[in-house]
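> predicted coordinates and the sequence they were generated for:
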Amino acid sequence: MKRPVTPPPPGLPTRRAARDLIAASLDERRPLEDALEALPRRLDPRDRAAAHRIAAMVLRRLGSIEEVLSPYLRKEPPPPARHALRIGVAELLLLDTPAHAAVATAVALAPKAFAGLVNAVLRKVATEGPAVLESLDAARLDTPPWLWAAWHAAYGPAVRSIAEAHRGPAPLDLTPAPGATPPGGAEVLPTGSWRMAAGTRVTDLPGFAEGRFWVQDAAAALPALLLAPRAGERIADLCAAPGGKTAQLVAAGATVTAVERDPARAARLRENLARLQLAAEVVQADAAAWTPAEPFDAILLDAPCTATGTIRRHPDVAHAKRPRDVASAAEAQARLLAAAARMLRPGGRLVFATCSLQPEEGEAHLARAAGLGLAHEPFAPGELPGLPEAITPAGCLRTRPDYWAERGGMDGFFAARFRRVA
Ligand SMILES: C[S@@+](CC[C@H](N)C(=O)[O-])C[C@H]1O[C@@H](n2cnc3c(N)ncnc32)[C@H](O)[C@@H]1O
């Protein structure tokens, strides 16, 4: 007699997608955004969003999840079983999924040979896990040790508030087009950005299709603000896609050349500018090797970096990056800074920015500027309405995820202004 086939539990496609996102991030160190793009097209948008939420929670709280699991695992299970366990713990302890559903879907997700183990472990976690989780030093466990050490060296005891700021999802920040009015529910921040609750879908907001605003973290909007673009100036945006800062410069009335090396990202930059009805010359080129026909009045160099300031939005970054990535990003930034200095007219100004919390990708570049014919021109706290704490004693911009904590935080950014003197 045939045994009856048990139907798969509802919600399994979502968990499969979540597992694929986690595997891409942890096993292959691919960006979570790329893995999201690679999910099957047939997946319902709600399932896709739910998978993203689960995967992001696992990546955000990975250290705590591993700590909860460790007493129950005598041997290291293979990655697919480990991911099923991680998803199970996240759902049981952090996402308020009913226990029977969390356990049943994790068991169905696990390779057959590990279904019994996953079932037994998660049943224990369901009863014992909440107290264990409560007792953990989550900020420390959920931060890779090398990042904790680097941030402790750079920011002292604030490393703990930075780590705590990474625990929750980030709000949706928008940069308005000139004259646009904020959508209902928006908080207008002192620096001019609009802030919507985390989880708001930008495409649902009135004015999106008409290009009345674009998505950009409040901190990411500051480098272009601090460049203070003026109407009619010739400005280069050297690492431009997806174009949030290009849009700010064009909206201020500047004549903008946006340089982007990656062809797919250059295409996205063009699409974004078209939606916003803003015109810029888009050049697909390596900014470190490209020479403009004429020097620029001002340059924004938002250089590629390890993006450790964006872990709230991209929790995969914490696991994907290694100390050697900081060194190689800093080298690439130094090459781009030297190239940018050559493209500037005498007396022209340059804002160099990165979304990294690592000083090697920020403050350390100041020492190189003089050799490039650039004089550091400090920002004054008064240049940044409502955020004087983000201007360092040396006159650089340094935002951190724990700034404006009561409002929902902000990305970690560095920026410095230089003037071409030779
Ligand atoms: C931090 S992102 C820029 C974000 C952008 N400024 C914005 O506000 O939307 C860095 C960008 O620089 C591009 N990039 C990296 N190296 C480059 C190079 N050598 N020349 C030009 N673009 C480069 C990357 O493809 C990426 O799109």
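Nice, thanks for sending it over.

> near the ligand, which residues of the protein? Just list them.
Counting by C-beta under 6 Å from any ligand atom, the residues of the chain close to the ligand are 239-245, 259-262, 265, 286-288, 302, 304, 336. (Each C-beta comes from the backbone N, C-alpha and C, glycine too.)

> of those, which belong to helices?
Members of these lying in helices (criterion: DSSP state H): 244, 245, 265, 336.

> turn the residues you listed into a markdown table, including pLDDT and neighbour count.
Output for these, formatted as a markdown table (pLDDT from 0 to 100; neighbours: other C-beta atoms under 10 Å):
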| residue | pLDDT | neighbour count |
| --- | --- | --- |
| 244 | 98 | 20 |
| 245 | 98 | 27 |
| 265 | 96 | 16 |
| 336 | 98 | 20 |
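
> out of these, the closest to residue 374 would be?
Nearest to residue 374 among those: residue 336, at 12.8 Å, using C-beta to C-beta.

> and the closest one, how far is that from residue 154?
22 Å (C-beta to C-beta, to the nearest Å).

> same check, this time on residue 306
Look at residue 306 and residue 154: by C-beta to C-beta, they are 13 Å apart.

> burial measure for the residue in the chain positioned nearest to the ligand, as a count.
Per C-beta to the nearest ligand atom, residue 239 is where the chain lies closest to the ligand, at 3.0 Å. Look at residue 239: counted by other C-beta atoms under 10 Å, it has 25 neighbours.

> which neighbouring elements make contact with the strand or helix carrying residue 107?
When elements are assigned from DSSP states H and E, residue 107 belongs to helix 99-109. Applying 3 or more C-beta pairs under 8 Å, 6 or more residues apart in numbering; DSSP states H and E, one finds that helix 99-109 makes contact with helix 12-26, helix 79-89, helix 115-135.

> could you check how far the helix or strand just after the first one is from the centre of its chain?
Once the chain leaves helix 12-26, the next helix or strand it forms, by DSSP H and E, is helix 32-37. The gap between where helix 32-37 is centred and where its chain is centred comes out at 13 Å by C-alpha atoms, centre = their mean, to the nearest Å.

> can you give me the end-to-end distance of stretch 133-153?
Chord length of stretch 133-153, first to last residue, is 28 Å (C-alpha to C-alpha, to the nearest Å).

> got the contact list for that stretch?
Residues from elsewhere that reach stretch 133-153 (C-beta atoms under 8 Å, 6 or more residues apart in numbering): 60-64, 66-68, 93-94, 158-160, 162-164, 166-167, 308, 318-319, 322-323, 326, 357-358.

> buried subset of those residues as a ChimeraX selection?
Buried residues among the contacts of stretch 133-153 (16 or more other C-beta atoms under 10 Å), as a ChimeraX selection:
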select :60,61,62,63,64,66,67,68,93,94,159,160,162,163,164,166,167,308,318,319,326,357,358
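
> quick one: which of the contacts of stretch 133-153 sit in helices?
60, 62-64, 66-68, 158-160, 162-164, 318-319, 323, 326.

> my guess is residue 225 contacts residue 245. True?
No - the criterion here is C-beta atoms under 8 Å, and residue 225 misses it with residue 245 at 9.6 Å.

> how is the chain partitioned into domains?
As given by automatic domain parsing, the domain ranges for the chain are 12-136, 217-420.

> okay, these, which one's buried deepest?
The highest mean neighbour count among the domains of the chain, using mean count of other C-beta atoms under 10 Å, belongs to domain 217-420: a mean of 20.

> now do that one: distance to the chain's middle.
In terms of C-alpha atoms, centre = their mean, the centre of domain 217-420 is found 15 Å from the chain centre.

> and that domain, end to end?
29 Å.

> equivalent analysis for stretch 89-97, please.
Here the two ends of stretch 89-97 are set 10 Å apart, with distance taken as C-alpha to C-alpha.

> cool, stretch 356-364 as well?
Taking C-alpha to C-alpha as the criterion, the two ends of stretch 356-364 lie 12 Å apart.

> cool, stretch 215-225 as well?
15 Å.

> same question for it, mean pLDDT?
Mean per-residue pLDDT for stretch 215-225: 98.

> touching that stretch from outside, list them.
170, 172-175, 189, 191-193, 195, 202, 244-245, 248-249, 252, 300, 302, 309-310, 313, 351, 353, 355, 384, 387, 390, 397, 399, 403-404, 410-413, 415.

> now, which of these lie within strands?
Among those, the members falling in strands (DSSP state E) are 172-175, 195, 300, 302, 351, 353, 397, 399, 413, 415.

> now pLDDT too, for those residues, in a markdown table please.
Converted to a markdown table, the ones in strands among the contacts of stretch 215-225 look like this (pLDDT from 0 to 100):
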| residue | pLDDT |
| --- | --- |
| 172 | 97 |
| 173 | 98 |
| 174 | 98 |
| 175 | 98 |
| 195 | 98 |
| 300 | 98 |
| 302 | 98 |
| 351 | 98 |
| 353 | 98 |
| 397 | 98 |
| 399 | 98 |
| 413 | 98 |
| 415 | 98 |
